[in-house]
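In: Following is a predicted model, sequence given first.
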Amino acid sequence: MSTTQQPPHAQAAERTAQRARVFPPKAMPALEYTREVAEATTPIYEKVRHVIPEIEWPAHAPYIKAINDLKAERNAIILAHNYMTPEIYHGVADIVGDSLQLAKEAVKSEADVIVQCGVHFMAETSKILNPDKTILMPDMEAGCSLAQSITAEDVRGLREEHPGVPIVTYVNTSAEVKAECDICCTSSNAVQVVESLGAPRVLLVPDQYLAADVALRTDVEILTWEGACVVHQRFTGAEMREYREAVPGVKIIAHPECPTDVTAEADYIGSTAGMITWLKDNHPEKALLVTECSMADNIASEAPGVEFVRPCNLCPYMKMITLPKILDSLVNMRDEVTVDPVIAACARTAVERMINLKS
Ligand code: 13P
Ligand code: SF4
């Protein structure tokens, strides 16, 4: 019987057995803070000493050394989003970036295994673009409120309601939703993607705030959906005005997932990668990154001289990814992210149309 004719539980069992043959499980490494571990991780500690107290380093360093050793043995790479904690971002990641950068890097990689340190839709995007690679997710529960806000059925409903209107999906969606849409976008390229369609009216789902930001930057009429990010939605315009008054000269740098009254107060609005570039180009004395907390922690060493002003909010999903879970992924080759091949083929069209746009 071919794999496609088997029931899903039998297919999953077969995949697990196959994976165990290709990637036999390894023994869990000893996690001691030895002299060798200290020496191997000292250069990494220099990048995070501003956020991780020295007394805590012996708890992280053995994991970092073990993960980096196992990556080499498995021909694996770690793609990490800018919201990962500093010990992941600086300690074990091979590639860091925003959603667009990670999607592009996933295509270029020659590794057999990608460990996705981010949230589930990012791992799905890597799988869609790399059907033959093994994509591991250190915690399958790491979801996203935007991805959960819309289903494939919702998109089919929108098509019926708005015949002929192209549908752009933010990358923060499931593979099933991407498969129903015409093209994908990220916060780095949403305006370019919308304008590439040459249509007078476009549906941009599911983030109402990203859609509102795009609507201000284009003549294309933007229709949207009522999704929102639980992290960025909590910032308010009043809070921004209070910070401006309390911290004279502060530059407000906001993610486009923030509500409109927040972005209206911002000196710069952009993706997480856009924020980093803006800081490097403009080196303000004080900056308020209106986004997830790890952003400022991670880029402090790349933007010396910038004082980062709080507030920030933690993403409960991104923070599910930890060093012990990454190590477990590489030792036991779990948990593997799979996407139904038919769904993946349709979703790939939407993602590749975005990636192939000339920047
Ligand atoms: P970026 O593509 O800007 O990194 O955003 C991803 C994300 O989930 C922000 O909340
Ligand atoms: Fe989703 Fe918001 Fe977390 Fe990004 S920060 S992964 S949009 S919930």
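Out: Cool, got the structure. Ligands and ions are numbered 1, 2, ... in the order given.
In: mind checking the SS state of the nearest residue to Glu265 once chain neighbours are set aside?
Out: Distances taken as Cβ to Cβ, 6 or more residues apart in numbering place Met240 nearest to Glu265, at 3.9 Å, with adjacent residues excluded. Every C-beta, even on glycine, is put in place using the N, C-alpha and C of the backbone. The three-state assignment at Met240 reads helix, by DSSP: H, G, I helix; E, B strand; the rest coil.
In: Likewise for Gly274?
Out: Assigned by three-state DSSP, the conformation of Gly274 is helix.
In: hang on, Val230 is in a helix, isn't it?
Out: No. Assessed with three-state DSSP, Val230 is coil; it does not lie in a helix.
In: Tell me which residues touch it, please.
Out: Each residue near Val230 by Cβ atoms under 8 Å, 6 or more residues apart in numbering is listed here: Ser145, Cys315, Pro316.
In: residue ranges of the strands in the stretch 251-359 of the chain, please?
Out: For the stretch 251-359 of the chain, applying DSSP state E, counting those that start in this stretch gives strands covering 251-254, 268-269, 286-290, 307-309.
In: With mean pLDDT added, can I get those strands in JSON lines?
Out: Below are the strands of the stretch 251-359 of the chain laid out as JSON lines (pLDDT from 0 to 100):
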{"stretch": "strand 251-254", "mean pLDDT": "97"}
{"stretch": "strand 268-269", "mean pLDDT": "98"}
{"stretch": "strand 286-290", "mean pLDDT": "97"}
{"stretch": "strand 307-309", "mean pLDDT": "94"}
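In: for these, which one sits closest to ligand 2?
Out: Ligand 2 lies closest to strand 286-290 among the strands of the stretch 251-359 of the chain, at 11.9 Å (Cβ to the nearest ligand atom).
In: related to what we said a few turns ago, tell me which of the strands of the stretch 251-359 of the chain sits nearest to Val191.
Out: Proximity to Val191, assessed across the strands of the stretch 251-359 of the chain by Cβ to Cβ, is greatest for strand 268-269 (11.1 Å).
In: secondary structure class for the closest residue to ligand 1 within the stretch 101-250 of the chain?
Out: Going by Cβ to the nearest ligand atom, ligand 1 is nearest to Ser187 of the stretch 101-250 of the chain, at 4.1 Å. Classification of Ser187 using three-state DSSP returns coil.
In: which phi and psi does it have?
Out: Main-chain dihedrals, Ser187, degrees, to the nearest 10: phi -70, psi -10.
In: same deal with Ile135?
Out: The phi/psi pair for Ile135 (degrees, to the nearest 10) reads phi -110, psi 120.
In: Give me the local confidence score for it.
Out: At Ile135, the predicted lDDT confidence score is 96.
In: One more: the one 5 residues further on?
Out: In the prediction, the pLDDT value recorded for Met140 is 98.
In: Please report how far it lies from Asp335.
Out: Distance of Met140 to Asp335, computed by Cβ to Cβ, to the nearest Å: 5 Å.
In: Next: Glu141.
Out: 10 Å.
In: So for these two, which sits in the more crowded spot?
Out: Ranked by neighbour count (other Cβ atoms under 10 Å), Glu141 and Asp335 place Asp335 first, with 17 against 11.
In: about what we covered before: may I see the strands of the stretch 251-359 of the chain organised as CSV, with mean neighbour count and distance to Glu153 added?
Out: As requested, the strands of the stretch 251-359 of the chain are exported to CSV (neighbours: other Cβ atoms under 10 Å; distance: least, Cβ to Cβ, whole Å):
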stretch, mean neighbour count, distance to Glu153
strand 251-254, 24, 32
strand 268-269, 20, 32
strand 286-290, 23, 33
strand 307-309, 16, 42
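In: what about the helices in the stretch 201-350 of the chain?
Out: Using DSSP state H, counting those that start in this stretch, the helices of the stretch 201-350 of the chain run over residues 208-217, 237-246, 260-263, 272-282, 294-299, 323-332, 341-355.
In: what about the longest one and ligand 1, any contact?
Out: When you say that, I think you mean helix 341-355. No. Helix 341-355 lies out of reach of ligand 1 by Cβ under 6 Å from any ligand atom, never closer than 12.1 Å.
In: Then the third one?
Out: No. Contact of helix 260-263 with ligand 1 (Cβ under 6 Å from any ligand atom) is absent, the minimum separation being 13.5 Å.
In: What residues sit buried inside that helix?
Out: Across helix 260-263, burial judged by 16 or more other Cβ atoms under 10 Å covers Val262, Thr263.
In: Packing partners of it?
Out: helix 208-217, helix 237-246 (3 or more Cβ pairs under 8 Å, 6 or more residues apart in numbering; DSSP states H and E).
In: picking up where we left off before, of the contacts of Val230, buried ones?
Out: Ser145, Cys315.
In: which of the contacts of Val230 are close to ligand 2?
Out: Ser145, Cys315.
In: Just the angle for the longest helix anywhere in the chain relative to helix 323-332, thanks.
Out: The longest helix of the chain (DSSP state H) is helix 57-74. Inter-element angle recorded for helix 57-74 and helix 323-332: 30 degrees (by axes from the mean of the first three to the mean of the last three Cα atoms, to 10 degrees).
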